[in-house]
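S.K.: Sharing a sequence plus its predicted fold:
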Amino acid sequence: MKRDNKYLLDADTFMTAHRQHYRFSFCPAYWKAILLHHGSDSVASIVQVRKELLRGKDALSGWVADDVPGSFFKETTDAKVLQTYSTIAKWVVSQPHLAPAAQAKFASGADGWLVAYAKVNGYAVCSYEVSAPESKSNIKLPDVANQFGVICAKPPEMMENLGVRMILPRKVPDT
């Protein structure tokens with residue numbers, strides 16, 4: 001993946017990072033890097049992801065509400081995005097191995113919108129999700145992205161491609 005890629009972040013890029021890998025108190029650099037690279041138009045997300053993140057009542061939802069600029073979360077109302085989303089939704093419904101509940105869950109979530117916006121606007125999507133093309137009960141973001149020619153990267157890969165380095169100061173304080 002090239003360093004000049006733009007990344008569109010899935011909700012789990014935030015939630016998994018917050019809950020497991022990069023808690024605010026442990027690794028503030030992760031969160032600062034996201035905002036820094038948004039400022040250079042390399043990192044964004046969509047309004048549907050913002051809504052998912054604000055459902056939580058924790059430090060992450062507070063950060064999204066208080067610290068993330070409104071410009072970070074892109075609107076998906078552009079005619080090309082709507083048309084692409086419609087194509088994605090039709091593809092999902094046409095998959096005979098998928099349970100109707102999986103199709104309904106997909107339709108109510110942000111993943112289809114992420115892929116549509118990414119495809120139309122030249123973004124790679126960023127997610128911790130793992131491909132599972134044979135799954136009957138879940139439609140995974142990497143599988144939809146792959147079907148529609150959108151690159152899907154994991155957050156550490158995105159950070160490395162953006163040139164982010166999380167390093168300790170030269171002198172580590174005594175503990």
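M.R.: Arrived safely, thanks for sending. The structure displayed is predicted, hence computed values, not measured ones.

S.K.: This protein: strands as residue ranges?
M.R.: Remark: strands assigned in the chain by DSSP state E are 6-9, 43-46, 73-74, 123-126, 152-153.

S.K.: For residue 99, which of these is the nearest?
M.R.: Distance to residue 99, taken as Cβ to Cβ, is lowest for strand 152-153 among the strands of the chain, at 22.8 Å. (Glycine included, C-beta is placed from N, CA and C.)

S.K.: How far off centre is the closest one?
M.R.: Here the centre of strand 152-153 is set off from its chain's centre by 9 Å, with Cα atoms, centre = their mean, to the nearest Å.

S.K.: Report all helices and strands that that strand contacts.
M.R.: strand 123-126, helix 141-147 (3 or more Cβ pairs under 8 Å, 6 or more residues apart in numbering; DSSP states H and E).

S.K.: re earlier: would you mind putting the strands of the chain into CSV with distance to residue 132 and mean neighbour count alongside?
M.R.: Shown next, in CSV, are the strands of the chain (distance: least, Cβ to Cβ, whole Å; neighbours: other Cβ atoms under 10 Å):
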stretch, distance to residue 132, mean neighbour count
strand 6-9, 20, 24
strand 43-46, 23, 25
strand 73-74, 27, 20
strand 123-126, 16, 24
strand 152-153, 13, 21
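
S.K.: Mind checking these for the one nearest to residue 133?
M.R.: strand 152-153 (12.7 Å).

S.K.: Starting from the closest one, tell me which strands it pairs with and how they run.
M.R.: strand 123-126 (parallel) (DSSP bridges).

S.K.: what about residue 151, how many residues close to it?
M.R.: 17 (other Cβ atoms under 10 Å).

S.K.: The closest residue to it other than its chain neighbours pairs with what?
M.R.: Leaving aside its sequence neighbours, residue 151 sits nearest to residue 124 (Cβ to Cβ, 6 or more residues apart in numbering; 3.8 Å). Applying DSSP bridges to residue 124 yields these beta-bridge partners: residue 7.

S.K.: show me the contacts for residue 124.
M.R.: 1, 5-8, 118, 150-153, 158 (Cβ atoms under 8 Å, 6 or more residues apart in numbering).

S.K.: Roughly how far does it sit from residue 168?
M.R.: Separation of residue 124 from residue 168 (Cβ to Cβ, to the nearest Å): 29 Å.

S.K.: now do residue 52
M.R.: 33 Å.

S.K.: Give me the more crowded residue out of these two.
M.R.: residue 52 (20 against 7).

S.K.: Where does pLDDT dip in the chain?
M.R.: 1-4, 172-175 (pLDDT under 70).

S.K.: again, only this time at 90
M.R.: 1-5, 21, 25-27, 39-41, 56-57, 95-107, 132-138, 165-175 (pLDDT under 90).
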